[in-house]
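Visitor: Provided below for reference: sequence and predicted model.
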Amino acid sequence: MARTSLHNCPAPAKLNLFLHVTGRRPDGYHLLQSVFQLIDRADTLHFDLRDDGRIVRTTEVPGVPQEQDLIVRALHLLADEYRRRHGRAAPGMDVAIDKILPMGGGLGGGSSDAATALMVANHLWQAGLSRDELMALGLPLGADIPFFVFGETAFAEGVGEALQSVPGPDCWYVVLEPGVSVPTPAIFGAADLTRDSKPVTISDFSRYQSVHNEPVGFGKNDLQAVAARLFPPVAEAVEWLGRYGRARMTGSGACVFCALSSESKADDVLAQVPAKWKAWKAKSLAQHPLKSLLQDRCVVE
Ligand SMILES: C[C@](O)(CO)[C@H](O)COP(=O)(O)OP(=O)(O)OC[C@H]1O[C@@H](n2ccc(N)nc2=O)[C@H](O)[C@@H]1O
Ligand SMILES: Nc1ncnc2c1ncn2[C@@H]1O[C@H](COP(=O)(O)OP(=O)(O)OP(=O)(O)O)[C@@H](O)[C@H]1O
């Protein structure tokens, strides 16, 4: 019997260990270089097949209406592709979400939710898309979706869709949520954003890691100066966390992180965090927890 539901599916967050803006495309999108790191802090999604072809989010997400939700939009795209391939409508899906990742946090939460939905629905519907096909399907919805489907530490180029696997650090992170939601377009649109970082290579990053073994040492985040200027709590969080190691913003902000070599060191930092900030620890993840779904995507259970 084919499965009809999958519950407790993680949608893990990402950190950008560095993020360089190297140019801008004619359509306004920016050319980036970054290393994406998965961490074990995650939203949790629950999927139940429907038999009427509808795609329904069964839980409220404050500020995100059903029809704008990246999960729902991603599943509609997959349902369209299903119809093209199989000549009939996809079965439909109920999706419930326990959301803990902050929106506008630079942790890629919305993109990760959508990637998890694509991987699980591809499996439950037996739609038959490959990893590369799912990555391409998700890209128009969000530049980070291909990374989450790719599912391992990655050196990213282009707008974030050209991905190569790279050995990542094995460490703990402390992440501070400065309590502001940063809109990505405002950061990329800022006049003072530097867009001419010198291109680096994947070997530059790997060589740096093997010599220094410092996850947050290589390069910088070019979006950080703009975000810190527009959102002073980001600057304050970077300064505070910088007492405990190199502190850096992830993505277009607002969250700020630093790396620690052990869980107990992460706990020591957390014990000092001022009450006004939410903060947590997370472990680096070498692989997406749902990666095996893509390897046995056509298996009938
Ligand atoms: C900066 C990163 O966080 C790095 O992980 C992501 O690339 C941002 O991804 P995201 O939040 O999913 O953003 P998207 O929804 O794809 O894009 C939002 C807006 O940001 C700008 N944008 C985004 C990505 C990119 N490479 N260049 C851009 O200029 C565009 O104005 C775009 O309309
Ligand atoms: N399921 C979802 N979860 C979160 N945000 C969603 C979702 N669906 C749509 N969105 C929209 O996407 C926006 C970006 O959310 P997301 O959590 O990906 O931000 P982010 O962490 O800043 O991402 P990035 O690192 O890609 O900049 C939100 O402000 C929200 O309007």
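Guide: Received it, and whenever you're ready, just let me know what you need. Numbering: from 1, shown residues only. Ligands and ions are numbered 1, 2, ... in the order given.

Visitor: quick one, helices of this protein?
Guide: For the chain, the helices defined by DSSP state H cover 70-86, 109-124, 131-138, 145-150, 184-188, 202-212, 224-230, 232-241, 263-272, 291-295.

Visitor: The ones you listed into CSV, with extra columns for mean neighbour count and mean pLDDT?
Guide: For the C-beta atoms, the positions are set from N, CA and C on the backbone; glycine is no exception. Output for these, formatted as CSV (neighbours: other CB atoms under 10 Å; pLDDT from 0 to 100):
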stretch, mean neighbour count, mean pLDDT
helix 70-86, 19, 98
helix 109-124, 27, 98
helix 131-138, 20, 97
helix 145-150, 28, 98
helix 184-188, 16, 95
helix 202-212, 14, 95
helix 224-230, 20, 98
helix 232-241, 20, 98
helix 263-272, 14, 98
helix 291-295, 15, 83
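
Visitor: From ligand 2, how far off is I71?
Guide: 5 Å (CB to the nearest ligand atom, to the nearest Å).

Visitor: got a list of what A237 touches?
Guide: By CB atoms under 8 Å, 6 or more residues apart in numbering, the contact set of A237 is L176, P178, A247, A254, V256, W277.

Visitor: nearest to ligand 1, of those residues?
Guide: If you rank the contacts of A237 by distance to ligand 1 using CB to the nearest ligand atom, A254 comes first, at 11.3 Å.

Visitor: list the contacts for the nearest residue to E67 once chain neighbours are set aside?
Guide: Closest residue in space to E67, ignoring its immediate chain neighbours: R73 at 7.8 Å, by CB to CB, 6 or more residues apart in numbering. Neighbouring residues of R73 by CB under 8 Å, 6+ apart: E67, A114, L141.

Visitor: distance of the first one from ligand 2?
Guide: Right, the one you point to is E67. Taking CB to the nearest ligand atom as the measure, E67 falls 10 Å from ligand 2.

Visitor: Next: L15.
Guide: Between L15 and ligand 2 the computed distance is 9 Å (CB to the nearest ligand atom).

Visitor: can you list the residues of the chain near ligand 2?
Guide: By the rule CB under 6 Å from any ligand atom, the part of the chain lying against ligand 2 is 61, 64, 68-71, 103-111, 113, 144, 184, 251-252.

Visitor: of those residues, list those near ligand 1.
Guide: The subset of the residues of the chain next to ligand 2 within reach of ligand 1, by CB under 6 Å from any ligand atom, is G106, G108, S111, D144, T184, G251, S252.
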